[in-house]
Every structure is written in structure tokens, then in C-alpha cells.
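> what follows is a predicted protein model with its sequence.
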Amino acid sequence: MEYQDFRRELVSEVSRQSDNDLEVSFQEVRRNNDVVSESIMLGSGYGTLIPTVDMKTLYDNYQKGMPVSNLARILIGQYDDAQRKGSVPSDFFMTYESISNCVFCKLISRERNSRLLEEVPNEKWMDLSVVCYYKLDPSWIPGGTILIRNEHLERWNLSETQLFQDAWKNTAALMKPVFIKMGGFLEEMGESRESASSCPLYVLTNESKCLGAISITLRRVQCGIADALGCDYYLIPSSIHEFLVLPDDGSYQTENLNRMVRTVNETELDPEDILAEHVYHYSRRTSALEIC
């Protein structure tokens, strides 16, 4: 079934299973790295944070064999779950004081987000950009975030300086960095001990393993990694969620590492998750990072 046919059948199935009680709408969402995707939403959303679901994810599941009727049932279940958890005041995002303890920083590609960066407060870090987001209460939408835009600052009468001051403070205090051998990380993900033990890499992320690449911007983290390894190291931008750390034993060529990063970006990563096209290098002598 082609996408447009799938789209129509999904709407029809949601209407049938809900006895035509649920309004179905679609919206285009511009995501990280200028990726535009279509999402589906059930209900009007008045007074409630209604879950929006990426249509690509649903279509991928359909192509893998999940019936449209099952997908419709899942969507309705998410809607019902949101209703049971209660309404969220429609003005909860109107005052900065009510959300200031839950604003954080994340790293994104500056090159791939030139349009977005015109619309959001941002700071430069190396050749990347730091932007701020609000982390939604997990009881509303697990893992949900809201990107903070210039229009929000105007509404709150808030300076960009104050926003970043709070976001950096919260990020340093609450988004605890995690630095772990790739072997341990792979074991946590269910890989075999044999494949894990042979890997020379480390992973730098945060406790939630979500938007953890920001951890490297903290000077204490940069220096702490060098002290732990006892040598210089390369930072490989695995995604917006983590960096891979490779001890520099003098046997690696930057050109080859950069080629590997570009290949992984093109063949393995979701376009939204790409962070950079090259590696970075930390020198213990200068206590500084440089772009390779």
C-alpha cells in the first residue's frame, strides 16, 4: 500500500474504532537538521497535551507487517491514556517562572540548522550551536520536549542571557554526564561480551541517554576524560545523543576518522540525529579541543 492510501485507511480505521468520536488532523513539523515530517494528532488538543505521532514511524511499522487496525488501536489508546492522566492547563507555558527549573541545553548542527537558528535563542560552541528546550513532565508526554523560540522570550519578557544562565545551570546540575567503556554500553544494549570487550571506544552521554552530546561542553568533563584516559583523545560525533571517545595512541589518521563519520551519517543515522561531519581532538598539553 502506498503512503497516501495508508494515510486514508488509517484515518478511516480510527474513525471506525472510535465511532466517529475523534477528530483526526495532520501537521507538518520541522525538526532538527531541517527535517520536515508529517504527524498525526487525535482530538482537538484544547486544554490537553495531545500526543502527536510521526507518520513515518507508523508507515514503517505497517510495512513491517503491523495491520492498520492495530496501529489505529495504538493511537486511540495513547489518546485515552492522555485523557486519563488529566488535562494540562493550556496556559502552562505562558509564564517563565513556572517552567524555569526544567529548561536545558542541547547541541545541534549549526550548518544543518541555519533556518532554525534564526528563530531560536542560540550560542556558538566550536562549529556547533547550543539551543534551549523545556523538558515536559513525563506524566504528560514521556520524553517530550519543547524547543524554546524567540517568540517565547518576547512573551516572557525574558533576556537570552537569563535563559542560558538558567539552562546551563540546570544542565550541569541535573543532566548528569555518563562516561563508560563502549563494552559496558554494548552489554547494556544486549550485545555479546565478546564484541563488547574488543571495542577500544568509550561513550559520553547522560543518564537518560537522550540529548547527551551536550555533556562535552562542560570543561570539567573534557578534563576529566583526559585524566581518566591518561592521554589525548578524539571525539567522534555519534549523534545529538552521545559522543564516542577514542584514546589517541598515535595510530589513527584524522582523514580516515572523518570519512567514517560521514559514512555513518549517510548510511546509519536518522537525519534528525546527525550532529557533525568530522571528529574533534582534545590535547592534554593545551587543555583544549580543536576541530579536525
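Here it is on my side, so go on. Residues are numbered from 1 along each chain as shown.

> how far does stretch 228-236 sit from its chain's centre?
25 Å (CA atoms, centre = their mean, to the nearest Å).

> from residue 199, how far out is the spatially most central residue of the chain?
Centroid check for the chain by CA atoms, centre = their mean gives residue 211 as the closest residue, at 4.7 Å. According to CB to CB, to the nearest Å, residue 211 and residue 199 sit 23 Å apart. Where you see a C-beta, it was placed from the backbone N, CA and C, and this is true even at glycine.

> ok, residue 130 next?
Distance, residue 130 to residue 199, by CB to CB: 29 Å.

> more neighbours: which of these two?
Set side by side, residue 130 and residue 199 show more neighbours around residue 130, with 20 against 16, by other CB atoms under 10 Å.

> let's verify residue 123: helix, strand, or coil?
Following DSSP: H, G, I helix; E, B strand; the rest coil, residue 123 is assigned to strand.

> ok, and the closest non-adjacent residue to it?
residue 130 (4.5 Å; CB to CB, 6 or more residues apart in numbering).

> give me the phi and psi for that neighbour.
Dihedral angles of residue 130 (phi, psi; degrees, to the nearest 10) stand at phi -100, psi 130.

> show me where the stretch 1-150 of the chain has its helices.
Under the criterion DSSP state H, counting those that start in this stretch, helices of the stretch 1-150 of the chain are mapped to 3-17, 55-63, 68-84, 114-117, 150-156.

> please identify which of the ones you listed is closest to residue 292.
Closest approach to residue 292 among the helices of the stretch 1-150 of the chain is made by helix 114-117 (22.4 Å; CB to CB).

> how about that closest one as CSV, C-alpha atoms only?
In CSV, the C-alpha atoms belonging to helix 114-117 read as follows (Å, rounded to 0.1, in the frame of the first residue of the first chain):
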residue,chain,number,x,y,z
SER,A,114,20.7,27.7,9.6
ARG,A,115,17.0,28.5,9.2
LEU,A,116,16.0,27.2,12.6
LEU,A,117,18.8,29.3,14.3
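
> on that earlier part again, and the residue nearest to residue 123, what pLDDT?
Note on residue 130: pLDDT of 98.

> cool, and residue 248?
Value listed for residue 248 in the pLDDT field: 96.

> tell me who's in contact with the closest residue to it other than its chain neighbours.
Nearest residue to residue 248, sequence neighbours excluded (CB to CB, 6+ apart): residue 232, at 4.1 Å. Counting by CB atoms under 8 Å, 6 or more residues apart in numbering, residue 232 makes contact with 226, 247, 248, 281, 282, 283, 284.

> what about the fourth one, which SS state?
Translated: residue 281. Applying three-state DSSP: residue 281 is strand.

> ok, it touching residue 234?
Yes. Here residue 281 reaches residue 234: they are 5.5 Å apart, a contact under CB atoms under 8 Å.

> shared neighbours, the two?
Contacts common to residue 281 and residue 234, judged by CB under 8 Å, 6+ apart, are 248, 292.

> just to revisit the earlier point, the closest residue in space to the residue nearest to the centre of the chain that isn't next to it in sequence: how many residues sit nearby?
In this structure, residue 211 finds its nearest non-sequential neighbour in residue 106, 4.4 Å apart by CB to CB, 6+ apart. Here the number of neighbours of residue 106 (other CB under 10 Å) works out to 23.

> would you list every one of the strands in this structure?
Here the chain has its strands, by DSSP state E, at 24-30, 36-42, 52-54, 103-109, 122-125, 128-135, 145-147, 177-181, 202-206, 233-239, 242-247, 280-283, 288-291.

> residues contacting the last one, please?
Same thing as strand 288-291. By CB under 8 Å, 6+ apart, the residues outside strand 288-291 that reach it are 126, 127, 216, 222, 235, 278, 280, 281, 282, 283.

> show the pLDDT at the residue nearest to the last one when sequence neighbours are not counted.
Closest residue to residue 283 in three dimensions, ignoring its sequence neighbours and counting by CB to CB, 6+ apart: residue 232, at 5.4 Å. Residue-level confidence at residue 232 comes out at 97, pLDDT.

> and for residue 79?
78.

> isn't it right up against residue 40?
No. Look at residue 79 against residue 40 with CB under 8 Å: they stay out of range, at 10.7 Å.

> re the thing from before, lowest average pLDDT across the helices of the stretch 1-150 of the chain?
Minimum mean pLDDT among the helices of the stretch 1-150 of the chain: helix 68-84, a mean of 82.

> buried residues in that one?
Going by neighbour count (16 or more other CB atoms under 10 Å), the buried part of helix 68-84 is 68, 71, 72, 75, 76, 78, 79, 82.

> since that was my last question, I'll sign off now.
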